[in-house]
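> for reference, the sequence and a predicted model appear below.
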Amino acid sequence: MWAKALEVLRDADRIFSTYREDSCVSRLNRGELTVTDCPPEVREVLALGEQARRESGGAFDVRRSGGLDPSGVVKGWAVERAAHALNGLPGTDYCLAAGGDMTCRVAGPNAPAWRIGIEDPHDPDKLVAVVPIRNGAIATSGLHRRGDHITDARTGTTPAALASVTVVHGSLTQADIDATAAFALGPDALTWLQSRPGRTGLVVLADGTRQVFGDSTREITSSTMLRRTSTPG
């Protein structure tokens with residue numbers, strides 16, 4: 001099962017990596033392929049990107065002037081697909097993570113939930129909150145780990161209003177897209193997230209203010225623990 005999960009992640013890298021000259025995305029950007037020449041996963045990811053563009057009013061867009069970059073969709077999508085292989089392990093809990101995105105499962109009704117720490121974007125040695133997750137996903141977007149890699153596609157600039165956005169949802173694909181789109185929306189992030197059904201999470205503003213949103217906010221507890229395990233960045 002683990003080998004299958006790794007195979008899914010390697011396939012995603014082979015198809016979508018913007019760092020590989022031989023990936024389908026790189027070849028699309030050079031005009032060597034069309035979308036119809038690519039595996040069906042490309043159409044699926046582009047459709048998710050287009051849906052996110054419409055729903056975010058254009059703040060999130062995988063199509064930029066420099067070419068196609070589906071990274072804002074692919075990471076959560078690929079990890080969620082890889083986790084499907086682990087669902088075949090009976091009686092097994094798992095938490096599969098990749099760079100701030102996690103999908104979690106507990107096998108039995110009496111098993112304790114995973115407790116996921118949200119890293120403080122202003123002090124990475126601390127947590128701003130702890131979120132219990134039994135069967136679902138969590139994704140965090142911010143700049144403190146990778147620099148100014150998130151931009152508002154409408155302006156090409158990096159929003160300065162936020163420090164991080166964390167979204168909890170049943171689907172890691174949707175949690176990852178929404179966290180990135182919300183960050184790109186800058187000061188409009190919280191209003192937009194509150195309009196999205198089934199999402200819960202935490203927005204940390206640039207000044208350190210924390211704002212919880214969603215229907216299950218009581219489950220997100222404040223924390224200043226100095227733990228570094230299971231902490232989206």
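That came in fine, so what should we check first? Numbers count the residues shown, from 1 in each chain.
> check contacts around the spatially most central residue of the chain.
Residue closest to the average C-alpha location in the chain (Cα atoms, centre = their mean): residue 176, at 2.1 Å. When contacts are counted by Cβ atoms under 8 Å, 6 or more residues apart in numbering, residue 176 touches 72-73, 75-77, 101, 137, 139, 141, 167. Placement of C-beta: from N, CA and C, glycine included.
> would you convert those residues into TSV that also reports secondary structure and distance to residue 187?
Output for these, formatted as TSV (DSSP: H, G, I helix; E, B strand; the rest coil; distance: Cβ to Cβ, whole Å):
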residue	secondary structure	distance to residue 187
72	helix	20
73	helix	24
75	helix	25
76	helix	24
77	helix	27
101	strand	24
137	strand	26
139	strand	20
141	strand	15
167	strand	17
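> not counting sequence-adjacent ones, nearest residue to residue 158?
Of all residues not flanking residue 158 in the chain, residue 148 sits nearest, at 4.2 Å (Cβ to Cβ, 6 or more residues apart in numbering).
> the one you found sits in which helix or strand?
When elements are assigned from DSSP states H and E, residue 148 belongs to no helix and no strand.
> so it versus residue 156, what's the distance?
11 Å (Cβ to Cβ, to the nearest Å).
> got it, and residue 116?
Residue 116 is 33 Å from residue 156, by Cβ to Cβ.
> assign the residue nearest to residue 153 when sequence neighbours are not counted to helix, strand or coil.
In space, and not counting its chain neighbours, residue 153 is closest to residue 61: 3.7 Å by Cβ to Cβ, 6+ apart. Counting by DSSP: H, G, I helix; E, B strand; the rest coil, the backbone at residue 61 sits in coil.
> burial measure for residue 61, as a count.
20 (other Cβ atoms under 10 Å).
> pLDDT score for it?
pLDDT recorded at residue 61 is 97.
> and what of residue 180?
On the pLDDT scale, residue 180 is placed at 97.
> my guess is it contacts residue 149, does it?
No - between residue 180 and residue 149 there is no contact under Cβ atoms under 8 Å: 9.8 Å.
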